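Student: Need a 3D model of the following:
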Amino acid sequence: MKAKLSQLLFLLAVLASVVLANNSLAHELRPAYLQVTQQAPQVFDVVWRVPARGQMKLSLDVKFQGDVVVGNRSIGGLANGMYSERWQIESPAGLTGATLVVAGLEQTMTDVLMRVTWLDGREQVMRLVPENPRYQFSANAGEAADGWFATYFVLGVEHILLGIDHLLFVLVLLLLVSGWRSLAVTISAFTLAHSVTLALSVLGVVSVPQAPVEAVIALSIVFVASEIRLKQRGRSTLAIRYPWAVALGFGMLHGLGFAGALADIGVPQQAIAGSLLAFNLGVEAGQVLFIGLVAALVWLVRQLFEYARVPASRMLATGATATLVLVYVIGGTASWWLFDRTAALFT
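Tutor: Below you'll find the predicted structure:
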C-alpha cells in the first residue's frame, strides 16, 4: 500500500510539473516597451519592442492619432525574447495634442512601459495598461520628468510575482530552513545578494548574457530541492546547516536575472539610482507578500487541523507528505526548465 501511494504521489508530481512548466511560459512575458525620442522640434524617433516567444509575438501595434506623419518602419527583428521595430514620425506641433494608442493591448494581460525623451534631455516614464491603452501628449509634457518611481516599483512587484522561477526558489528556501531566525537570515542574504548584482548590472559594472543566467537559476532550484530531500532523510550537508550561504551565492545569479528585466527597457538617465531603488523595493515588496501568503496558508491549514482535533503525529505526517509532493513538483518543473534553457544555448 505504501509503495502504491509513493507511486501515485510521484505520478501526480510529474503531472503537476509538466502543467506548471508549460503554463509558466506565459507568466514570464515581459512588458512591451516604447521609446519616443525627440530629435528636432518636429521630429521624433520611435523604438517599439514587443514580448515574443520563439517566432510568435504579441499582436500589439502603436498608432499615433492627430497631426502626426509616420515614416517607413524598419524591418522588425527577433532577439532576446523581444520583437523590435524602429521608425520616425513628424509632428508640426511637437506632439502637443496628439494621442498615442497601443492597439490590441486591451486583449492582453501585459503592460507597456513608455519612455519619452525630449530635446532638452528630460524624460517621462509611464505605463499603459489594458484598461487604458492610450496617452495624450499635452503642451507641457516636456517640462518635467514624472511617474518613474511608481512605474519602476510596480515593475519590480510584477517581475517577482510573475517570475515563477524566482518564486519557486524563495519557496524551496522556506522549505529548507528551520526556524524564523534562520529564515530571516537566509532571506536577508538572498535580498542582499540580488540587490548587489542587480545594481552592478544596471550600472554597467557587470555584464553577463541572460541565457546562461536563466539556466543556472533553474539549476539553483533543482539543487535546493534535492537538499530538502536529503534533509528529510536525516542527512546534514553544508547547504542544510548554512542555508544563508546558498541564498547568498544563488541570490547573486537571481539578481542578474532581475537585471534582465531592465536590460531592454532601461532606466531614466536623470534618475538611475532612484529607479533602480524603486524596482528593487518592488521586488522586495513582492517577495515579502509571497512569504506572507505562504505563512498565512500554513497557519490556516494548522488551524483547520487543530479545529478537527487531528493528532499531532498525523499532522506531522501530513506535513511531511505535502512537503514531499511539493519538492517533486518544484524539482521536476525546475529540471524541465534546466533542460529547456540549456538546450536553447546550443540552438
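Student: When you work out contacts or count neighbours from here on, use the C-alpha atoms and nothing else.
Tutor: Fine.
Student: where in the stretch 1-150 of the chain is pLDDT low?
Tutor: 1-30, 53-55, 75, 79-81, 139-147 (pLDDT under 70).
Student: Just confirm Pro92 is within a strand.
Tutor: No. According to DSSP: H, G, I helix; E, B strand; the rest coil, Pro92 belongs to no strand; its state is coil.
Student: ok, it - contacts?
Tutor: Gln42, Asp67, Val68 (C-alpha atoms under 8 Å, 6 or more residues apart in numbering).
Student: just the strands in the stretch 1-150 of the chain please.
Tutor: 32-40, 43-53, 56-57, 61-65, 69-70, 77-79, 82-90, 99-103, 112-117, 123-128, 134-136 (DSSP state E, counting those that start in this stretch).
Student: The fifth one: how far from the chain's middle?
Tutor: This means strand 69-70. Relative to its chain's centre, strand 69-70 lies at 35 Å (C-alpha atoms, centre = their mean, to the nearest Å).
Student: Check the third one too.
Tutor: Once both centres are worked out by C-alpha atoms, centre = their mean, strand 56-57 turns out to sit 19 Å from its chain's centre.
Student: Partner strands of that strand, with direction?
Tutor: strand 43-53 (antiparallel) (DSSP bridges).
Student: got the angle between the partner strand and strand 112-117?
Tutor: 160 degrees (axes from the mean of the first three to the mean of the last three C-alpha atoms, to 10 degrees).
Student: what does strand 43-53 contact?
Tutor: With C-alpha under 8 Å, 6+ apart, strand 43-53 has contacts from 29-39, 57-58, 60, 62, 78, 81-91, 94.
Student: can we see that at 6 Å?
Tutor: Under the contact criterion C-alpha atoms under 6 Å, 6 or more residues apart in numbering, strand 43-53 has outside partners 30, 32-38, 57, 81-90.
Student: Selecting buried members of those residues in PyMOL, what would you type?
Tutor: Those of these that count as buried under 16 or more other C-alpha atoms under 10 Å are selected in PyMOL with:
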select buried, resi 30+32+33+34+35+36+37+38+81+82+83+84+85+86+87+88+89+90
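Student: Find the helix or strand that the closest residue to Pro243 other than its chain neighbours is a member of.
Tutor: Computed as C-alpha to C-alpha, 6 or more residues apart in numbering, the closest residue to Pro243 that is not its neighbour in sequence is Thr186, at 6.1 Å. Thr186 is located in helix 180-202, with elements delineated by DSSP states H and E.
Student: Show me what that helix is packed against.
Tutor: If contacts are counted by 3 or more C-alpha pairs under 6 Å, 6 or more residues apart in numbering; DSSP states H and E, helix 180-202 sits against helix 243-263.
Student: Only the C-alpha atoms, please, for the helix it packs on, written as CSV.
Tutor: Extracted C-alpha coordinates of helix 243-263, given in CSV (Å, rounded to 0.1, in the frame of the first residue of the first chain):
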residue,chain,number,x,y,z
PRO,A,243,21.1,27.9,4.1
TRP,A,244,22.0,31.5,4.1
ALA,A,245,25.2,30.7,2.2
VAL,A,246,23.2,29.0,-0.6
ALA,A,247,20.8,32.0,-0.7
LEU,A,248,23.8,34.4,-0.9
GLY,A,249,25.5,32.5,-3.7
PHE,A,250,22.5,31.8,-5.9
GLY,A,251,21.0,35.2,-5.0
MET,A,252,23.7,36.9,-7.0
LEU,A,253,22.6,35.0,-10.1
HIS,A,254,19.0,35.8,-9.4
GLY,A,255,20.0,39.5,-9.3
LEU,A,256,21.4,39.1,-12.8
GLY,A,257,18.1,37.6,-13.8
PHE,A,258,16.2,40.6,-12.3
ALA,A,259,18.6,42.9,-14.3
GLY,A,260,17.5,41.2,-17.5
ALA,A,261,14.0,42.7,-16.9
LEU,A,262,15.6,46.1,-17.0
ALA,A,263,18.0,45.5,-19.8
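Student: Pull the residues that contact that helix.
Tutor: Thr186, Ala189, Phe190, Ala193, His194, Thr197, Leu198.
Student: Give me the mean pLDDT for the helix or strand following it.
Tutor: Going down the chain from helix 243-263, the next helix or strand is helix 272-307, by DSSP H and E. Here helix 272-307 scores 86 as its mean pLDDT.
Student: What residues sit buried inside the next helix-or-strand element following helix 272-307?
Tutor: Using DSSP H and E, the helix or strand that follows helix 272-307 in sequence is helix 312-344. Buried positions in helix 312-344, judged by neighbour count with 16+ other C-alpha under 10 Å: 315, 323-338, 341-342.
Student: Many thanks, have a good one.
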